[in-house]
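Enquirer: pasting the sequence and the predicted model now:
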Amino acid sequence: MTMARAAVRMERWGIIRSAYSLSPCAGRQLFSGEDRINVFRGLPRTDFTSLFNRVAEWEKRWQAGDTGWDHGEPSPPLLEYLASNLIDGQVLVPGCGSGHDVRALARGGSAVLGLDIAPSALTKAHRFPPVGKERYELGNWLKPDPELKERFDWVVEHTCFCALEPSARAEYVASVDFALRPGGQFLGIFYLRPRAENGPPFGVKATELDAFFSRFELKRQWTPSRAYPGREGREQMRAYYKSA
Ligand SMILES: C[S@@+](CC[C@H](N)C(=O)[O-])C[C@H]1O[C@@H](n2cnc3c(N)ncnc32)[C@H](O)[C@@H]1O
């Protein structure tokens, strides 16, 4: 490492340490070692505090068990899709939480990467016995690691898009574009009408999805017939291609 890079890294660690001291309740145990580098890698210094707050918010939920979205099983619409469709190759699940969907996809033989911003989500995911070629990584989906560029045949979305504040949606879509290889596919299970008025989860209109994903080619959109209790008729699935 050059002196200049070492200096930049030292400076970043200093900023991360100050962010820690701003939020003592989130605790020192938020990250350790490499984790800090993965989440904060490549960010301009001005982004650290807002990113830290975002991580702390999700991490606190995972540490407190405030994870009402986690039903202890894969998403029913995803299972319905997998019953008659193939998702294969290299698959990425952003905001994977404890990884139920990751493992459902890995059972079909794909190599699946589950990405989440909260270390405790991944600690929980790692407690499940491996089922195939799945792995989990700590990272910020809104600033994907350069190594993820065009690496995936599929990106599979479930309650990550709706979990993010609506102002982050354009970045979310750019990350899908970034991670998919040309000709790759995106499967989204979107929560159109959540029960709570103030998110997360934040609802989205079908017309908004049309606009956000206009750079992709829509293959199909439909209402899944299976859903978690209470979500019946509130979700929409969309399958898109990235142009080859
Ligand atoms: C509502 S939960 C859904 C988890 C999982 N997809 C499921 O359905 O069980 C949203 C997840 O996204 C993660 N998350 C939030 N912001 C993220 C970001 N910028 N990058 C990666 N993961 C993020 C949270 O930590 C949380 O685990």
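Expert: Cool, got the structure. Numbering: from 1, shown residues only.

Enquirer: can you tell me which helix or strand of the protein has the lowest average pLDDT?
Expert: Lowest mean confidence among the helices and strands of the chain (mean pLDDT, DSSP states H and E): helix 3-22, at a mean of 40.

Enquirer: enumerate the residues of this protein near the ligand.
Expert: Residues of the chain lying close to the ligand (CB under 6 Å from any ligand atom) are 58, 69-70, 94-97, 115-118, 121, 140-142, 158-160, 163-164. For glycine as for every other residue, the C-beta is placed from the backbone atoms N, C-alpha and C.

Enquirer: now which of the residues you listed would you call buried?
Expert: Among those, those classed as buried by 16 or more other CB atoms under 10 Å are 58, 69, 94-97, 115-118, 121, 140-142, 158-160, 163-164.

Enquirer: quick one: the residue nearest to Pro224 when sequence neighbours are not counted from the ligand, how far?
Expert: Closest residue to Pro224 apart from its sequence neighbours, by CB to CB, 6 or more residues apart in numbering: Pro77 at 3.5 Å. Using CB to the nearest ligand atom, to the nearest Å, Pro77 is found at 11 Å from the ligand.

Enquirer: return the residues in contact with Pro77.
Expert: For Pro77, the contacting residues are 158, 189, 224, 226-227, 235, 237, by CB atoms under 8 Å, 6 or more residues apart in numbering.

Enquirer: and Gly230, by the same measure?
Expert: Arg195 are the contacts of Gly230 under CB under 8 Å, 6+ apart.

Enquirer: tell me the secondary structure for it?
Expert: Following DSSP: H, G, I helix; E, B strand; the rest coil, the label given to Gly230 is coil.

Enquirer: show me how the protein divides into domains.
Expert: Dividing the chain into domains by automatic domain parsing, as the record does, gives the ranges 3-64, 76-241.

Enquirer: on that earlier part again, restricted to strands, list the residues of the chain next to the ligand.
Expert: Assigned to strands by DSSP state E, the following of those qualify: 94, 115-116, 158.

Enquirer: which of the helices or strands spans Gln185?
Expert: When elements are assigned from DSSP states H and E, Gln185 belongs to strand 180-191.
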